[in-house]
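*Asks:* Take a look and give me a structure for this.
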Amino acid sequence: MMGIYAIRGPNDAVYVGKAKNIKKRWGQHRSHLRSGVHGTPHLQYAWNKYGETAFVFEIVELVDSQERMIVREQFWLDTLFGTMPKGTVYNHATFSQGGGHTKGRKNNDRQIQALIDANKRRIWTPEMRAESARVRTGLKQSRSTIDKRTAKSRGQKRTEEQLTNRVLSRTKGNKYTIISPDGTVYQNIVLVGIFANEHGLDGSSLRKMLKGRFRHTKGWTGYLQTKEHI
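*Replies:* Numbers count the residues shown, from 1 in each chain. The predicted model follows:
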């Protein structure tokens, strides 16, 4: 059976889709949802929260051609996003994607704006954001995506503030006390690498010493400050 189908959940929420073989597509949806890896975070979150028995799979209408199927899916998407309350449409795309795999397909300006508008209308709870992040965990970016990101950032100069914030984000707020060979005490050291450069030390060795792997490095000692030290 080829046509348009719906997945209805609690609170009148709905997901609409199309398929050349509706029953086969339903099986794929159930498999992904049961495994917690569905590509629509809003639907996955609701499935996890309410359970499988809270959802109903139903046929909306049957069609006789793929072209007709695309047209009718777009009709139902326009209807849902145009009439349903915020947060009750599980779909994240507001336009029919034409069937088949969409990898490598570029959206036109209208489609891009439609996605932006749809995201503005969607209500993302903290639980939904966490579920979205969990679903994406472990997904690997393609080599081409990595290359594009690298090419885009190449040549860009970060300000001193940006560089400092980047380093601080990696320190987890840790502060160290470092003692020189002559007994000089340096407290509240956060940027260990910069401190090492300023005092002619090897940054890697200094970090290992502060983590307890070495007792000292070139006569320098130190430790991680605790609340008691502060």
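
*Asks:* Spell out the secondary structure type for the residue of the chain most remote from its centre.
*Replies:* Within the chain, residue 182 marks the point farthest from the mean C-alpha position, 49.5 Å out by Cα atoms, centre = their mean. Secondary structure, DSSP: H, G, I helix; E, B strand; the rest coil: residue 182 is coil.

*Asks:* and the gap between it and residue 68?
*Replies:* The gap separating residue 182 from residue 68 is 84 Å, by Cβ to Cβ, to the nearest Å. Where C-beta positions appear, they are placed from N, C-alpha and C, glycine not excepted.

*Asks:* Same question for residue 85.
*Replies:* Counting by Cβ to Cβ, the gap from residue 85 to residue 68 is 29 Å.

*Asks:* more neighbours, the two?
*Replies:* Each of residue 85 and residue 68 has its neighbours counted (other Cβ atoms under 10 Å); residue 68 has more, 16 against 11.

*Asks:* Mark out where each domain of this structure begins and ends.
*Replies:* Domain assignment for the chain, taken from automatic domain parsing, gives 3-136, 161-224.

*Asks:* Pick the most deeply packed of those.
*Replies:* Of all the domains of the chain, domain 3-136 has the most neighbours on average by mean count of other Cβ atoms under 10 Å, namely a mean of 15.

*Asks:* Relative to the whole chain's centre, how far out is it?
*Replies:* Here the centre of domain 3-136 is set off from its chain's centre by 18 Å, with Cα atoms, centre = their mean, to the nearest Å.

*Asks:* pLDDT (mean, whole number) over that domain?
*Replies:* The average of the pLDDT scores along domain 3-136 is 81.

*Asks:* now the strands for this protein?
*Replies:* Per DSSP state E, the chain carries strands over the ranges 3-8, 14-19, 56-62, 176-179, 185-189, 221-224.

*Asks:* need the ones you listed in TSV with distance to residue 41, can you?
*Replies:* Formatted as TSV, the strands of the chain follow (distance: least, Cβ to Cβ, whole Å):
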stretch	distance to residue 41
strand 3-8	14
strand 14-19	12
strand 56-62	19
strand 176-179	40
strand 185-189	41
strand 221-224	38
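
*Asks:* Residue 96 is nearest to which of the ones you listed?
*Replies:* With distances scored as Cβ to Cβ, the stretch of the strands of the chain nearest to residue 96 is strand 14-19 (7.0 Å).

*Asks:* List of residues touching that closest one?
*Replies:* Applying Cβ atoms under 8 Å, 6 or more residues apart in numbering, the external contacts of strand 14-19 come out as 2-9, 25, 40, 43, 60, 69-70, 72-73, 76-77, 80, 84, 88-91, 96, 99.

*Asks:* Report the inter-axis angle for that strand versus strand 56-62.
*Replies:* Following axes from the mean of the first three to the mean of the last three Cα atoms, to 10 degrees, one obtains 50 degrees for the angle between strand 14-19 and strand 56-62.
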